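Novice: here is a sequence together with a model predicted from it:
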Amino acid sequence: MLFSDNYFEPIADTHQNLREKGSKFLAFLYPVKLEEEIKKHLQELKSKYPDATHNCYAWVLHPDKSAQRSSDDGEPSGSAGKPILRAILSSGLTNVLVVVVRYFGGTQLGIPGLIKAYGDAAKLATAEAYKIEKYVEDIFEISATFEHENEIHRMIQLFGARILNRQYGTKVSYEIAVRQSVSNNFSNKCTNNYLLNIELKN
């Protein structure tokens, strides 16, 4: 594998506030899966805080964190979006959007100050996030005759697989999800069991 088969997703929105030399930083975290959701949240915040100075953000998608983007929204380059992105990556979260809404307080913070403020605000949001551990899984269809259905259950228990669906026809057929880290062993074990038929679905 190119990456670990476990990852963490937030399961609820969070909102944290930070003040720095008069400026207010409102940090919002959202669970997201699609870029359309991201656009919706960004538009909602712009509508809710129309007088804000900046709406800087970063997001990370997919179990392997392969899709990432950040925006400084008018702040000096690299002073807002990247610190927010670093905070997300440090938290280990994916499928997440963090937006930091800034109200300027009259005192210039300088680029180092901005980097710290945006990063700290994002860290507050990610630290408070309710998260769940998930796994990258391979989906298999495994079948057997009715009298050997217990062999399917034995494999499921042995590898901690999840049952997604089951059907009864001329044979009993299960659709199951197996953690990617053990799917090769699972496949080999089932293939070598003459009582079972197995097919990789994804």
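Specialist: That came in fine, so what should we check first? Residues are numbered from 1 along each chain as shown.

Novice: confirm that Ala52 sits in a helix.
Specialist: No - counting by DSSP: H, G, I helix; E, B strand; the rest coil, Ala52 is not found in a helix; it is coil.

Novice: count the neighbours of it for me.
Specialist: Other residues lying near Ala52 total 17 when counted by other CB atoms under 10 Å. All C-beta atoms are positioned from the backbone trio N, CA, C, and that covers glycine.

Novice: what sits closest to it if chain neighbours are left out?
Specialist: Leaving aside its sequence neighbours, Ala52 sits nearest to Val101 (CB to CB, 6 or more residues apart in numbering; 4.7 Å).

Novice: then Ala129?
Specialist: Closest residue to Ala129 apart from its sequence neighbours, by CB to CB, 6+ apart: Pro10 at 4.3 Å.

Novice: domain parsing of the protein, as residue ranges.
Specialist: As given by automatic domain parsing, the domain ranges for the chain are 6-133, 136-200.

Novice: count the neighbours of His148 for me.
Specialist: Residues lying near His148 (other CB under 10 Å) number 16.

Novice: and the gap between it and Asn193?
Specialist: Noted for His148: a distance of 9 Å to Asn193, by CB to CB, to the nearest Å.

Novice: deepest-packed of the domains of the chain, please.
Specialist: Of those, the one with the most neighbours on average (mean count of other CB atoms under 10 Å) is domain 6-133, at a mean of 18.

Novice: quick check: end-to-end length of that one?
Specialist: 7 Å (CA to CA, to the nearest Å).

Novice: still on that earlier bit, that's a helix at the residue nearest to Ala52, yeah?
Specialist: No - assigned with three-state DSSP, Val101 falls outside any helix and is strand.

Novice: would JSON lines of the domains of the chain with mean pLDDT be doable?
Specialist: Below are the domains of the chain laid out as JSON lines (pLDDT from 0 to 100):
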{"stretch": "domain 6-133", "mean pLDDT": "93"}
{"stretch": "domain 136-200", "mean pLDDT": "92"}
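
Novice: and the closest residue to Arg69 other than its chain neighbours, helix, strand or coil?
Specialist: Nearest residue to Arg69 in three dimensions, chain neighbours excluded: Trp59, at 5.8 Å (CB to CB, 6+ apart). Classification of Trp59 by three-state DSSP places it in strand.

Novice: can you show me the helices along the protein?
Specialist: Taking DSSP state H as the test, the helices found in the chain are 35-48, 81-91, 110-127, 149-159, 180-191.
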